[in-house]
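Q: Mind looking at a prediction? Sequence and model below.
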Amino acid sequence: MKDLKSKYSSKEDLVSIPESVTCPKCGGQIGLWTESIITICWFCGFHVFKKEAIIN
């Protein structure tokens with residue numbers, strides 16, 4: 001239990017905000033949460049990874 005408390009002691013670790021990402025397949029604007037590594041495009045169903053968002 002002590003390890004869990006020290007791991008999440010900072011409020012900064014718990015804050016997640018959406019980043020606007022353009023889908024590489026259809027060009028739709030979608031949101032990718034900062035703590036997530038993958039999201040699905042609402043328009044075409046394409047799986048967008050955080051790594052792709054940085055490259056594009």
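A: In hand now; what should we look at?
Q: Do a quick rundown of the helices in this structure.
A: 2-7, 50-55 (DSSP state H).
Q: quick one: contacts for Ile30?
A: By CB atoms under 8 Å, 6 or more residues apart in numbering, Ile30 lies in contact with Ser20, Val21, Thr22, Cys23, Thr39, Cys41, Trp42, Phe43, Val48. For glycine as for every other residue, the C-beta is placed from the backbone atoms N, C-alpha and C.
Q: What's the separation between it and Ile37?
A: 14 Å (CB to CB, to the nearest Å).
Q: For stretch 32-39, which residues meet the burial criterion?
A: Judged by neighbour count (16 or more other CB atoms under 10 Å), stretch 32-39 contains these buried residues: Leu32, Thr39.
Q: now the end-to-end length of that stretch.
A: 6 Å (CA to CA, to the nearest Å).
Q: wait, His47 sits on Ile38?
A: Yes. Using CB atoms under 8 Å, His47 is in contact with Ile38, at 5.9 Å.
Q: pLDDT score for the closest residue to Trp42 other than its chain neighbours?
A: Distance criterion CB to CB, 6 or more residues apart in numbering; nearest residue to Trp42, sequence neighbours excluded, is Ile30 at 6.1 Å. pLDDT, Ile30: 91.
Q: Now do Pro24 against Ser16, distance only.
A: On the measure of CB to CB, Pro24 and Ser16 end up 23 Å apart.
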